[in-house]
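> Sequence first, then the predicted structure, then my questions.
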Amino acid sequence: MSDRRDSYRAGLDAEKAVGAFLRSEEWVVLEHRWRGAGAEVDLIAVKGGLLRFIEVKLRAKNDPVGLETVDSRKLARISRAAEVYMTRFDDFTEVCVTVAYVQRGADSWEIEFFDHLG
């Protein structure tokens, strides 16, 4: 199997882990890998009035690369997709673009969320 395919599958596993975590925290995952406005949003979830657009980044253990892996252009693409998606809803009070950094631990996933409120 190629490294590219392995990376793709590892990324899918990370997205599934974030989705499972969100569900355990009573979030409703509305979409997985939703495409719109020239962008793909890994996960879209809602809880109460908060609508969250989530970019999942799988990081290797002790990887020094941080928030800069999601630059302003990527955030702008996600924000445009969010605007298109939000036309379907009118019952949210807050919208948040979130980056979820994920590392695979020995027995579990380590997930850290960074919100970009807008």
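Thanks, I have the structure now. Keep in mind it's a predicted model, so treat the numbers as computed, not measured.
> Tell me which residues touch Val28, please.
Val28 makes contacts with 45-47, as judged by CB atoms under 8 Å, 6 or more residues apart in numbering. Every C-beta, even on glycine, is put in place using the N, C-alpha and C of the backbone.
> scratch that, Val97
52-55, 75, 78-79, 82, 115-116, 118.
> Tell me the one among the residues you listed nearest to Thr69.
The shortest approach to Thr69 among those belongs to Glu55, at 9.4 Å (CB to CB).
> Dump the helix or strand encompassing the closest one to CSV, restricted to CA.
Secondary structure assignment for Glu55, by DSSP states H and E: strand 50-58. Backbone C-alpha positions of strand 50-58 (Å, rounded to 0.1, in the frame of the first residue of the first chain) are rendered in CSV as follows:
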residue,chain,number,x,y,z
LEU,A,50,-23.5,26.6,18.0
LEU,A,51,-22.8,25.5,14.5
ARG,A,52,-19.2,24.3,14.1
PHE,A,53,-17.2,23.8,10.9
ILE,A,54,-14.3,21.6,11.7
GLU,A,55,-11.0,21.1,9.9
VAL,A,56,-9.2,17.9,11.2
LYS,A,57,-5.4,17.8,11.1
LEU,A,58,-3.7,14.6,12.1
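> Next, the angle from whichever helix or strand comes after it to strand 50-58.
Downstream of strand 50-58, the first helix or strand assigned by DSSP H and E is helix 72-86. Orientation of helix 72-86 against strand 50-58 (axes from the mean of the first three to the mean of the last three CA atoms, to 10 degrees) gives an angle of 140 degrees.
> mean confidence for helix 72-86?
The average of the pLDDT scores along helix 72-86 is 88.
> How far off centre is that helix?
On the basis of CA atoms, centre = their mean, to the nearest Å, the separation between the geometric centre of helix 72-86 and that of its chain is 12 Å.
> That helix: what's the following helix or strand?
The helix or strand immediately downstream of helix 72-86 is strand 94-104, counting by DSSP H and E.
> Fine by me, we can end here.
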